[in-house]
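Q: Everything below, folded, please.
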Amino acid sequence: MRSFLNFLFGKPLASYEDKQEKIGPSAGVAVFGLDALSSAAYGPEAALTILIPLGAAGLAYITPITILILILLGIVYFSYRQTIAAYPQGGGSYTVAHENLGVHVGLLAAAALMIDYVLNVAVGISAGVGALVSAAPSLQPHTLLMCLGILALLTVVNLRGLREAGAIFLLPTYLFIGSICGMIVWGLIEVVRTGGHPHSAVAPAPLSRATAAVSTWLLLKAFASGCTAMTGVEAVSNGVQAFREKTVDNARITLTVIIAILMVMLLGIAYLVHAYGIVATEPGSDHYQSVLSQLLAAVAGRGIFFYVATGSTLLVLSLSANTSFADFPRVCRAVAANRYLPWGFTMRGRRLVYAQGIYVLAALAAILLAVFGGVTDKLIPLFAVGAFLAFTLSQAGMVMHWRKQKGGSHLNQVVNGVGALATGITLSIIIVAKFAEGAWMTMIMIPGLLAVMLGRIGREIADAAPLRLDDLKPPLVLVPVDDWNKVSEKALRFAMTISPDVQALHIETGEVTNSLRQRWKELAEAPATAQNRKAPELVVLDSPFRFVVIPILDYALKQGKENPDRKVAVVVPELREKHWYHYILHNQRGDALTAMLLLYGNKHVVVVNVPWYVDS
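A: Below you'll find the predicted structure:
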């Protein structure tokens, strides 16, 4: 088993090996940039889809809309550069909002980010698989299975450690960047060569007739849809500690490279779409073709370059979920450090990653994929809500940060203030424009998650008081005994070390019970008396329907009510085999009793498992 785990997840890393797991900017682009960069494949299309009713006239608006998005992206970029320097411990929007705007606002930012990351995993994987299925319709029945397979692969890769994940995603990331940038350069050369009227190597979808007039509302909806291209740009600020020495510099370089490449791709695609006369086709229709696929074919034809670029796009779309795997656990760790999530989120696993966050993210994404059958297009409008809420709160928090700093830069306050205003207005537009398409779900989920975090018991159990030694009483110990054997004897011996008040609980079973009653004095009472100890009492519980677990559970809870001034400890004897395949040969009543006691117990009941290991 150990060798299998080492093969699957890699050998465990010691804490002092943490430095070798740090990454540089080149791997950082692959680890933290996939979500943002892959949005170039669907962001412009999302805007163009809204402009379909305008027909050919809609092409005139894609470049101005894209420029507005790039201006907003630039503002967010400068803000997160400042965040990285001001908060090199990471945590991004949550840390900034928590420290400068208060606990509730910080948790609101965390909830927005976490929901955004879960949606990113589900939608990113399904988008990649959906594109593959559209190219090979025979794979349609296996959509969900392929989605879950990719999810499992991403989970395993990320459990192997950040450095390995970066190395694995390096090739597809830079192949995608090279393909799209190569297409843009190729297309621009053709535009210049033909005087602004390039000839399409493969004719794109025909321009449709206009069915609606231009309106402010339609353009705002297109802008809101295009803003999905900005999701994921906060990732670097959340994972600053993942970078090697000169951490802040490396994180800033990584963010700069990601934003610069994304800007080039978005602007290049928008310009070429207009130059080549490429419009969006109706999603889900028989003649559907993605905008990027049409553009690639128009610029380069359907040759080797087309298939390499298309393949890299499909791969990056599927793997874009990796950004969430890099950041979701880090946000959870920051929240858990303040006791608003279980403490386990702060613990690093065998490969120095926050494994519990990875498990939870994978589980939530799997549920989403299963519920929607691997087709999650309707969740795309939910993306930008969480992202822009986090942007706005982060920048508002940075304004307060600079105001609290002695000699804080007024220019920095202005930059962050303008950013908060711009992203706040954009958030309002997105909510209004996308409310009926699903944004209302996010507005329910975010407050729901916020309520869960505020209701965490971590703060309830936190105690800075010294150890209290008053009213210490030995517990009443209950030991379930099915018969007299080495397993029950070991449990009784342990029970008598922690308390003189021990009761052996036995379920009425006829002959075995009568024999145990007759032999109890010889087996238990006489040895205890000889050692001047209080003998364990045999308590026989009736069970007309032959239930075993329920009567013991009820008796333990009853004793807890009758003895409110002391603990009731249930010592559960268990037979344990060395080999897992022998486990099924024995009943699992001990495990069932433990589970029921933990589920229905209270602060008076304590559960202790005493295993007896079979050597053979």
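Q: Verify the stated contact: Asn609 with Gly590.
A: Yes: at 7.1 Å, Asn609 and Gly590 qualify as touching, with contact defined as CB atoms under 8 Å. C-beta here means a position set from N, CA and C on the backbone, and glycine is covered the same way.
Q: Mutual contacts of the two, please.
A: Taking CB atoms under 8 Å, 6 or more residues apart in numbering as the contact rule, Asn609 and Gly590 both touch Val572, Glu574.
Q: From His506, how far off is the nearest residue to Arg589 once chain neighbours are set aside?
A: For Arg589, ignoring the flanking residues on the chain, the nearest one in space by CB to CB, 6 or more residues apart in numbering is Val548 at 5.6 Å. Look at Val548 and His506: by CB to CB, to the nearest Å, they are 10 Å apart.
Q: who's more crowded, the two?
A: Applying other CB atoms under 10 Å to Val548 and His506 shows that His506 carries more neighbours, namely 23 against 18.
Q: Tell me the secondary structure of the more buried one, please.
A: Here His506 is recorded as strand under DSSP: H, G, I helix; E, B strand; the rest coil.
Q: neighbour count winner among Asn609 and Gly590?
A: Gly590 (21 against 15).
Q: That one reaches Val571, doesn't it?
A: No: counting by CB under 8 Å, Gly590 stays clear of Val571, with 10.6 Å between them.
Q: What about Leu472, how many residues nearby?
A: Neighbour tally, Leu472, other CB under 10 Å: 7.
Q: Which parts of the stretch 501-616 of the chain are strands?
A: Counting by DSSP state E, counting those that start in this stretch, the stretch 501-616 of the chain has strands at residues 502-507, 537-541, 568-577, 605-614.
Q: Only alpha carbons, please: show the first one as CSV.
A: So that's strand 502-507. The C-alpha trace of strand 502-507 is given here as CSV (Å, rounded to 0.1, in the frame of the first residue of the first chain):
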residue,chain,number,x,y,z
VAL,A,502,-16.8,0.4,35.3
GLN,A,503,-19.9,-1.2,33.9
ALA,A,504,-19.7,-4.1,31.4
LEU,A,505,-22.7,-3.8,29.0
HIS,A,506,-23.9,-7.1,27.5
ILE,A,507,-26.9,-7.6,25.2
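Q: what packs against it?
A: Contacts defined by 3 or more CB pairs under 8 Å, 6 or more residues apart in numbering; DSSP states H and E place strand 502-507 against strand 476-480, helix 486-498, helix 511-520, strand 537-541, helix 549-562.
Q: Quickly, which of those bottoms out on average pLDDT?
A: Mean pLDDT is lowest for helix 511-520 among the helices and strands packed on strand 502-507, at a mean of 86.
Q: which helices and strands does that helix pack with?
A: Counting contacts by 3+ CB pairs under 8 Å, 6+ apart, helix 511-520 is packed against strand 502-507, strand 537-541.
Q: for the ones you listed, which one ends up most surrounded?
A: Ranked by mean neighbour count, the helices and strands packed on helix 511-520 are led by strand 502-507 with a mean of 22 (mean count of other CB atoms under 10 Å).
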